[in-house]
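Peer 1: sequence and computational prediction follow.
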Amino acid sequence: MQIKNTNATSMWRFKLSTKAMVLIPAAVGINYVAKAFAEGLKLPLWLGSLGTYLASMLAGPIPGAISGFINNVIYGLTLSPISTIYSITSIGIGIAVGILFYKGWFDSAKKVWLAGIIIALVSAIISTPLNVAFYGGQTGVVWGDALFAVLVSHSFPVWIASFIDEFVLDLLDKIVVGYLAYFIYKQLPKKLIYFFKD
């Protein structure tokens, strides 16, 4: 099944409709549960953008960005205050996924890993200044921060060490989430997909 969104005019169109009222809370719930699962198991990735990916693939970049933003705010208020400041990163992820999906980067499993690299770059570029401003350049993930410490000890500037730390973690996370979203999307009934694309 081809999964590219072929309706060019609808990619950026958004209204607060019944469809959006169904999709956005569902995507937020998926993000929340996936992120809590990853944190609970101390996984070396976040998984908290799975719902954002799916919302962007189903309805475009704006619903995806809204889903990611809301999830970070709710997660920050309930489980992890650190999450709130990364709401802007989730907006970037939602927009990137929506555009890449429309451009055909999720048409096949072979392309998903390339999309993951691009999304990881977007995420790392947005997150690095936040990491530097609030956490001295670290991400809070032990093995990523170990890499950060090694780089700083070898006289890498904090900004570069922080970007590498963030990008390495984002690369794993965004590729894994990309494949999860790709395989979930492929299993969705066509009626459901068309419902959100009309």
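Peer 2: That came through, no problem.

Peer 1: rest of the way, CA atoms for contacts and neighbours
Peer 2: OK.

Peer 1: residue ranges with poor pLDDT in this protein?
Peer 2: Scanning the chain for pLDDT under 70 picks out 1-10, 12-16, 198.

Peer 1: and stretch 143-155, what's buried?
Peer 2: Using 16 or more other CA atoms under 10 Å as the test for burial, stretch 143-155 gives 144-145, 147-149, 151-152.

Peer 1: stretch 178-189 now?
Peer 2: Under 16+ other CA under 10 Å, the buried positions of stretch 178-189 are 178-179, 181-182, 185.

Peer 1: restricting to C-alpha, output it in CSV.
Peer 2: What follows is stretch 178-189, C-alpha atoms only, in CSV (Å, rounded to 0.1, in the frame of the first residue of the first chain):
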residue,chain,number,x,y,z
GLY,A,178,10.1,6.1,12.3
TYR,A,179,9.9,2.4,11.7
LEU,A,180,7.3,1.8,14.4
ALA,A,181,5.1,4.6,12.9
TYR,A,182,5.7,3.2,9.4
PHE,A,183,4.6,-0.3,10.3
ILE,A,184,1.6,0.9,12.4
TYR,A,185,0.5,3.1,9.5
LYS,A,186,0.7,0.3,7.0
GLN,A,187,-1.6,-1.8,9.2
LEU,A,188,-4.3,0.9,9.5
PRO,A,189,-7.6,0.4,7.6
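
Peer 1: mind checking which of the buried residues of stretch 143-155 are in helices?
Peer 2: 144-145, 147-149, 151-152 (DSSP state H).

Peer 1: in a markdown table, list the buried residues of stretch 143-155 along with distance to L77.
Peer 2: Formatted as a markdown table, the buried residues of stretch 143-155 follow (distance: CA to CA, whole Å):
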| residue | distance to L77 |
| --- | --- |
| G144 | 25 |
| D145 | 25 |
| L147 | 29 |
| F148 | 28 |
| A149 | 30 |
| L151 | 33 |
| V152 | 32 |
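
Peer 1: of those residues, closest to S123?
Peer 2: Closest to S123 out of the buried residues of stretch 143-155 is G144 (15.0 Å), distances taken as CA to CA.

Peer 1: hang on, the closest one packs against D170?
Peer 2: No - counting by CA atoms under 8 Å, G144 stays clear of D170, with 10.0 Å between them.

Peer 1: which residue packs closest to the residue nearest in space to the middle of the chain, ignoring adjacent ones?
Peer 2: Against the mean C-alpha coordinate of the chain, by CA atoms, centre = their mean, the closest residue is S49 at 3.7 Å. Distance criterion CA to CA, 6 or more residues apart in numbering; nearest residue to S49, sequence neighbours excluded, is N31 at 5.5 Å.

Peer 1: wait, doesn't that neighbour sit right on N71?
Peer 2: Yes - counting by CA under 8 Å, N31 touches N71, with 6.6 Å between them.
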